[in-house]
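*Asks:* The sequence and its predicted three-dimensional model are supplied below.
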Amino acid sequence: MGLRFEEIYDRYFKDVYRYVLRLSGSSDAAEEVTAETFFKALSHINSFRGECSMYTWLVRIAGNCYKTYLKKNRRTESLDGVEEPAYIGKNPEDIALDRDDAARIRRVLHTLPETYKEVFMWRVFAEMSFEEIGLLFGKTANWACVTYHRARKMIAQKEELK
């Protein structure tokens with residue numbers, strides 16, 4: 001089992017790290033959450049049933065670890081005096097990929113209902129297919145696609161109000 005887990009770690013570490021880095025915007029958070037992800041994966045490797053890809057399983061664990069990380073490290077940041085760029089008409093994916101704008105998108109994401117937020121994050125930050133996202137939720141790829149596009153619309157509408 002040790003060799004198998006080492007192979008999993010070697011193969012997926014960079015992908016999981018990049019996912020958490022995009023999600024958090026912080027290399028420190030990404031390192032901490034990625035380490036916790038692989039610790040939990042090692043602890044629960046026998047529970048992996050193969051119903052989804054190993055990558056899907058790992059990013060699901062990473063997402064849960066990131067939520068825990070946020071709860072432990074909850075802090076408020078003052079935005080007084082900070083001039084924020086205009087977003088009207090921009091595609092939410094492009095905004096999320098722009099490092100300066102990622103924090104703003106994360107704030108808007110946290111105002112969405114949980115399902116929409118998660119589907120959007122899996123698609124944009126983890127670059128998962130609609131089929132993989134559907135599997136995570138026990139739904140179809142079509143459900144994932146529709147949910148993702150609804151999330152995009154919600155984000156665009158919230159950005160237009162600002």
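*Replies:* It's in.
*Asks:* Mind telling me what element the nearest residue to Ser24 once chain neighbours are set aside is part of?
*Replies:* Once flanking residues are discounted, Ser24 sits nearest to Ala30: 5.7 Å by C-beta to C-beta, 6 or more residues apart in numbering. (Glycine included, C-beta is placed from N, CA and C.) According to DSSP states H and E, Ala30 maps onto helix 27-43.
*Asks:* Now tell me what touches that helix from outside.
*Replies:* 5, 8-9, 13, 16-17, 20-21, 24, 57-58, 61-62, 65-66, 68-69, 73 (C-beta atoms under 8 Å, 6 or more residues apart in numbering).
*Asks:* so where's this structure shaky on pLDDT?
*Replies:* For the chain, applying pLDDT under 70 flags the ranges 1-3, 74-104, 159-162.
*Asks:* still on that earlier bit, for the helix or strand just after the helix holding Ala30, which helices and strands make contact with it?
*Replies:* Sequence-wise, the next helix or strand downstream of helix 27-43 (DSSP H and E) is helix 54-72. Under the contact criterion of 3 or more C-beta pairs under 8 Å, 6 or more residues apart in numbering; DSSP states H and E, helix 54-72 touches helix 2-24, helix 27-43, helix 114-124, helix 130-137.
*Asks:* buried residues in helix 54-72?
*Replies:* Within helix 54-72, the residues scored as buried using 16 or more other C-beta atoms under 10 Å are 55-63, 65-66, 69-70.
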